[in-house]
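Enquirer: Sequence unavailable; structure follows:
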C-alpha cells in the first residue's frame with residue numbers, strides 16, 4: 001500500500017543574509033517533493049491508527065503541512081549547521097513544543113522538547129523534569145500558540161531509573177487552542193527497520209550553540225543491543241526504541257540524529273491509514289555525547305509505558321480545544337520565516353496580508369538560546385495605514401527571553417509589518433505568524 005506523504009510548512013534554511021531595513025513580502029509556502037522523506041515513509045509497514053480521539057484533528061492538520069524547498073535537500077557530512085543533526089528547519093508539527101526551565105525560578109532558558117497529547121497535557125522525558133518538579137519553574141512555547149504556564153510536572157518515580165521509564169507529563173494551566181494533539185502508539189512494539197521522523201528544538205551539533213531552533217529529521221529504527229556508556233553493559237533494552245546514526249549520514253545519506261535540547265521530543269511514525277502519524281518514542285539519549293558522529297541513539301518506548309502515560313493524562317488524553325480552528329485547516333493561515341541577526345543585520349522585517357475575516361493574529365518567535373542571557377531579540381506586528389508613513393496598532397514584546405509571542409484580536413484587514421529586532425547578541429531565529437479566520441459561511 002502506498003503511504004500518504006507527510007507535508008510541512010517550508011521555512012528558509014537559516015543562514016546569514018544581507019541587512020534589509022525595508023519590510024519585504026513574506027514568502028508564501030509552496031509544495032515541493034521531498035524524495036527521501038517520501039521513500040522512507042513509503043517503506044513503513046505500520047498500517048493502524050492508535051487513537052480515535054484526535055484522528056480527525058490530525059487529519060485536518062496534515063492538509064496544509066508543506067515540504068522544504070529543494071535547497072533543503074542537499075545535506076551532507078559537512079552541512080552540520082542545518083541539523084537536528086542532519087535535519088532541516090521547520091515550522092510544522094505544531095504539537096511539538098519547547099519546554100523552558102528557570103533554575104531556582106530565575107531566568108527561563110531552553111531545556112527540552114515535548115509533544116502535546118491532550119489539550120492541556122504535554123509528553124516529555126523524565127530526565128528533563130525529575131531534578132526539579134516545581135511547576136512554576138517551567139513554561140512551554142508553541143510556535144502557533146505562544147507561551148503557556150505549567151501547573152504540574154509528573155513522572156513515574158517508582159519506575160524511573162534512567163533510561164528506563166524516561167517519560168513524564170507536563171500539565172498546562174489552560175487549553176492550547178488551535179493545535180491538535182498527537183496520539184500515542186498503543187497497539188504494538190516498534191519493530192527494527194521502522195522509518196520515522198524526529199522533531200525537536202535541540203542543537204544541530206554537539207559543539208554548536210543553536211539550541212532553540214525547531215528542526216525535523218529522518219531515521220530508521222534498529223536493534224538496541226548493547227549501548228556502551230549509556231546503560232549498564234548489555235542490560236535489557238526492551239523499554240527502548242533505538243536507531244543507528246552513521247557518518248556520512250546513514251546508508252541513504254539523509255538519516256538524522258537527536259542532540260541536546262531534543263530530549264523529551266517525539267519520534268513519529270507514519271501511519272498508512274489516512275497519512276496520519278503517532279508518537280512511538282520519547283527522545284532519551286545516545287551512547288556518546290557527540291551527536292553528529294556515528295552513534296547509537298535511543299528513545300523511551302511509548303508502547304512500554306502507555307498505561308502510565310494515558311493513566312496520568314486522565315480524561316485530557318486526546319482532547320482537542322474548540323476555542324480556535326486548528327492549524328492545518330482552511331480557517332488558519334500560517335506564514336513562517338527564519339534568519340539570523342548579527343551586529344551587521346539588526347532587524348528582519350516582513351510584510352503580510354491579513355484577510356477581512358481574520359479573528360486573531362498571533363506572532364511568535366523562537367531564537368537561538370545560549371542559556372546565559374547573552375542574546376535578546378524583540379518582536380512586533382503593526383498595521384500599515386494606507387497612505388501613511390507610520391504603521392499603527394498591533395502588538396510587540398521586548399525582554400530577555402528568546403521565546404516570545406503576542407496577539408491581536410480582530411486584526412484590521414490589509415497589510416501588516418512583522419519584525420524581529422536585535423536587542424543584543426546574535427543568532428538564528430524562526431518567526432511564525434498564525435492568522436485564525438472565521439468560516440465565511442458560519443462567521444459566528
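Expert: Yep, it's here. Please read these numbers as outputs of a predicted model, since none were measured by experiment. Numbers count the residues shown, from 1 in each chain.
Enquirer: Leaving out chain neighbours, which residue sits closest to the residue positioned nearest the centre of the chain?
Expert: Centroid-nearest residue in the chain, with Cα atoms, centre = their mean: residue 96, separated by 3.7 Å. Spatial nearest neighbour of residue 96, chain neighbours left out: residue 199 (4.6 Å); criterion: Cβ to Cβ, 6 or more residues apart in numbering. Using the backbone N, CA and C atoms, a C-beta is placed for each residue, glycine as well.
Enquirer: Please apply the same query to residue 368.
Expert: Sequence neighbours aside, residue 427 is the residue nearest to residue 368 in space, at 3.1 Å (criterion: Cβ to Cβ, 6+ apart).
Enquirer: So that neighbour sits against residue 340, correct?
Expert: Yes - the pair residue 427 and residue 340 qualifies as a contact (Cβ atoms under 8 Å) at a distance of 6.7 Å.
Enquirer: Please say which of the two ends up with more neighbours.
Expert: Taking neighbours as other Cβ atoms under 10 Å, residue 427 and residue 340 compare with residue 427 leading, 22 against 18.
Enquirer: how about that one, what does it touch?
Expert: 209-210, 340-341, 367-368, 370, 375, 377 (Cβ atoms under 8 Å, 6 or more residues apart in numbering).
Enquirer: Next: residue 125.
Expert: By Cβ under 8 Å, 6+ apart, residue 125 lies in contact with 112, 166-168, 263-264, 282-284, 300.
Enquirer: May I ask which of those has the most neighbours?
Expert: Among those, residue 264 has more neighbours than the rest - 33 neighbours, counting by other Cβ under 10 Å.
Enquirer: so where do the helices sit in the protein?
Expert: Along the chain, the stretches classed as helices by DSSP state H are 35-42, 55-62, 126-129, 306-313.
Enquirer: what's the neighbour count on the closest residue to residue 380 other than its chain neighbours?
Expert: With sequence-adjacent residues excluded and distances taken as Cβ to Cβ, 6+ apart, residue 380 is closest to residue 396, at 3.8 Å. Look at residue 396: counted by other Cβ under 10 Å, it has 14 neighbours.
Enquirer: Residue 158: how many residues sit nearby?
Expert: Neighbours of residue 158 under the rule other Cβ under 10 Å: 8.
Enquirer: neighbours around residue 292, how many?
Expert: Close neighbours of residue 292, defined as other Cβ under 10 Å, add up to 22.
Enquirer: same deal with residue 189?
Expert: Count around residue 189 with other Cβ under 10 Å applied: 12.
Enquirer: In contact with the nearest residue to it once chain neighbours are set aside, which residues?
Expert: Using Cβ to Cβ, 6+ apart and skipping the chain neighbours, the partner closest in space to residue 189 is residue 303 (5.5 Å). The contact partners of residue 303, by Cβ under 8 Å, 6+ apart, come to 185-190, 280.
Enquirer: if we can go back for a sec, distance-wise, check the residue nearest to residue 96 relative to residue 306.
Expert: Separation of residue 199 from residue 306 (Cβ to Cβ, to the nearest Å) stands at 20 Å.
Enquirer: who's more crowded, those two?
Expert: residue 199 (26 against 16).
Enquirer: re the thing from before, need the contacts of residue 427 in TSV with pLDDT, can you?
Expert: Below are the contacts of residue 427 laid out as TSV (pLDDT from 0 to 100):
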residue	pLDDT
209	81
210	85
340	94
341	95
367	96
368	93
370	85
375	91
377	96
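Enquirer: quick one: the nearest residue to residue 438 once chain neighbours are set aside and residue 350, what's the gap?
Expert: Distances taken as Cβ to Cβ, 6+ apart put residue 357 closest to residue 438, at 4.9 Å, once the chain neighbours are dropped. According to Cβ to Cβ, residue 357 stands 22 Å off from residue 350.
Enquirer: same deal with residue 112?
Expert: On the measure of Cβ to Cβ, residue 112 and residue 350 end up 30 Å apart.
Enquirer: Residue 243 now?
Expert: Distance of residue 243 to residue 350, computed by Cβ to Cβ: 37 Å.
Enquirer: List the residues that contact residue 373.
Expert: Residues counted as contacts of residue 373 (Cβ under 8 Å, 6+ apart) are 107, 400.
Enquirer: What is the burial count for the residue lying closest to residue 432 once chain neighbours are set aside?
Expert: Distances taken as Cβ to Cβ, 6+ apart put residue 143 closest to residue 432, at 4.5 Å, once the chain neighbours are dropped. Residue 143 has 30 neighbouring residues, counting by other Cβ under 10 Å.
Enquirer: try residue 155
Expert: Residues within reach of residue 155, counting by other Cβ under 10 Å, total 23.
Enquirer: any idea of the pLDDT on residue 246?
Expert: Note on residue 246: pLDDT of 78.
Enquirer: Could you pull up the residues touching it?
Expert: With Cβ under 8 Å, 6+ apart, residue 246 has these contacts: 255, 294.
Enquirer: at 6 Å instead, please
Expert: Going by Cβ atoms under 6 Å, 6 or more residues apart in numbering, residue 246 touches residue 294.
Enquirer: Most neighbours among the contacts of residue 427, which one is it?
Expert: Within the contacts of residue 427, most neighbours by other Cβ under 10 Å means residue 377, with 30 neighbours.
Enquirer: Look up which residues are beta-bridged to the residue nearest to the centre of the chain.
Expert: With DSSP bridges as the criterion, residue 96 is bridged to residue 115.
Enquirer: So in the chain, where's the weakest helix or strand by average pLDDT?
Expert: Every helix and strand in the chain was compared by mean pLDDT, DSSP states H and E; the lowest is helix 35-42, with a mean of 33.
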